[in-house]
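K.L.:
What would the 3D arrangement of this be:
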Amino acid sequence: MNPQSSDSPHLDAPNPPAGCPVRPAGATTRLYAAESTVDPYGTYSRLRKQYGPVAPVLLEGDVPAWLVLGYRENRRALDNPSQFSRDSRTWRDWKEGRIEETSPLIPMLGWRPDCLSQDGEPHQRLRRAVTDTMETVVNRGIRRHVVHFAHRQIDAFADTGHADLVIQYSEHLPMLVLTRLFGLPETDGEHLVASCAQVMKGGEDAIVHNERITRVLADLTSHKRAEPGPDFTSGLIQHPASLEHEEVHNHLRLVLLAAHTTTSNLLARVFQMILSDSSRLADLVSGQMTTAAIVEEVMWNAPPLAVLPGRFATADCELGGQHVKAGDLLVLGLAPGNLDPEIRPHTGTAVRGNQAHLAFSSGPHECPGQGVGQAIIETAVEVLIHRLPGLRLAVDPAELSDTASTWETRLDRLLVSFPPQGSSHVGR
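P.N.:
Numbering: from 1, shown residues only. Prediction:
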């Protein structure tokens, strides 16, 4: 990092009185520090009590930002790109040279020639290519790929009577499906799982792993231009929007990161919810409850992306009682927004049938891959439940632990037991 400008206040300055408008450069809470990642929801609650719905924080490298905690404030920032742009070229700290190319924030916040980094007509052109191609891929039978790989994953542990559904199922299944959809060799999947995890985690290796992902997908793009096939990559290349080489592989990167990290995280959380309550599992097996209803509940209470990067103020404005300056960075608290006491005074309030959560973001940049993720999760749950009758959690639910970063909170392990089963011919 380059030195901060001379007018930046000292990081150890005392916290301002509650409700007092501050600028993000006065933040003292580091979202990446141990105290924040061990108990992220506790940090969100403390910041809300101290500052209200918008709080000043520090991201990795002590980069100042506003964390949007309020549900309504998140909606305002997400739904108004003219006020809060996704184009990081307007980011003041970047323009003034305080963010280096090697910052671990760059993989998550840096500008790229993809639909996420742009607004207006350029965004519409690129997003249309992604959504059109994604619809074609889904219509070609994504569930068939999920069934194939789900059975193959289960075959690896079905005869043992025990498994870790995070490591042996949820972490890898979505990536195996994505490699098939992209037209990638399956052997690339293992390395891409590790690289996606490191990019989300941050740290000094984030840039290296981001470059690895980019290199694999750039090579894939070149290969598919020469030898197209019935896959997502070829569909992007052939779309009437005429995407350039860099636009294609950057959209592959965007979809891969978003689809794998959120779907794998969400799949593990769905299993956690099902197996932590025997009545839920019974209702699911009997058909009284659907996987979609459980997914919806998880989306409200533990969205796979807890904090969404990022938006950049296009002009001075007021948000949640804070004076936001042009060029300020905002990160969107999807998890705290969903638990905002202004809209959910009681966190136990039933949310079934209510899809107004923030988990898919909102506005023009709302996640375009919702259908793909939903198909993977519903099929993966269905196959596992039917393959392993008698499935149960092998530990007390209170013993389950998480690992958090700035952007997400992931389940560490999910140990289960079941009567040993034979392998499936379907998965062979």
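K.L.:
As a check, name the ranges of all strands in the stretch 301-428 of the chain.
P.N.:
Assigned by DSSP state E, counting those that start in this stretch, the stretch 301-428 of the chain shows strands spanning 307-313, 317-319, 322-324, 329-333, 392-393, 402-404, 409-411, 415-417.
K.L.:
what's the longest one packed up against?
P.N.:
Using 3 or more CB pairs under 8 Å, 6 or more residues apart in numbering; DSSP states H and E as the contact definition, the elements that strand 307-313 packs against are strand 84-85, helix 106-109, strand 329-333, helix 334-338. Placement of C-beta: from N, CA and C, glycine included.
K.L.:
Run the chain-centre distance for it.
P.N.:
Strand 307-313 sits 13 Å away from the centroid of its parent chain (CA atoms, centre = their mean, to the nearest Å).
K.L.:
For that strand, give the mean pLDDT please.
P.N.:
Averaging pLDDT along strand 307-313 yields 96.
K.L.:
OK, contacts around the spatially closest residue to Pro397 that is not a sequence neighbour?
P.N.:
Counting by CB to CB, 6 or more residues apart in numbering, Pro397 lies nearest to Ser276, which is 4.1 Å off, once chain neighbours are set aside. Counting by CB atoms under 8 Å, 6 or more residues apart in numbering, Ser276 touches 393, 397, 400.
K.L.:
for those, which one is nearest Leu411?
P.N.:
Closest approach to Leu411 among the contacts of Ser276 (CB to CB): Leu400, at 6.5 Å.
K.L.:
does that closest one really touch Leu411, like I thought?
P.N.:
Yes - counting by CB atoms under 8 Å, Leu400 touches Leu411, with 6.5 Å between them.
K.L.:
These two: who's more crowded?
P.N.:
Using other CB atoms under 10 Å as the criterion, Leu400 and Leu411 rank with Leu411 on top: 21 against 17.
K.L.:
circling back: which of the strands of the stretch 301-428 of the chain sits closest to Arg143?
P.N.:
Among the strands of the stretch 301-428 of the chain, the nearest to Arg143 by CB to CB is strand 415-417 (23.3 Å).
K.L.:
which parts of the lengthiest helix in the chain are buried?
P.N.:
Longest helix of the chain, by residue count under DSSP state H: helix 245-275. The neighbour-count criterion (16 or more other CB atoms under 10 Å) identifies 247-275 as the buried residues of helix 245-275.
K.L.:
now swap in stretch 75-87 and tell me
P.N.:
Per 16+ other CB under 10 Å, stretch 75-87 contains these buried residues: 75-78, 81, 84-87.
K.L.:
Quick check: the farthest pair among those residues?
P.N.:
Arg75 and Asp87, at 19.9 Å, using CB to CB across these.
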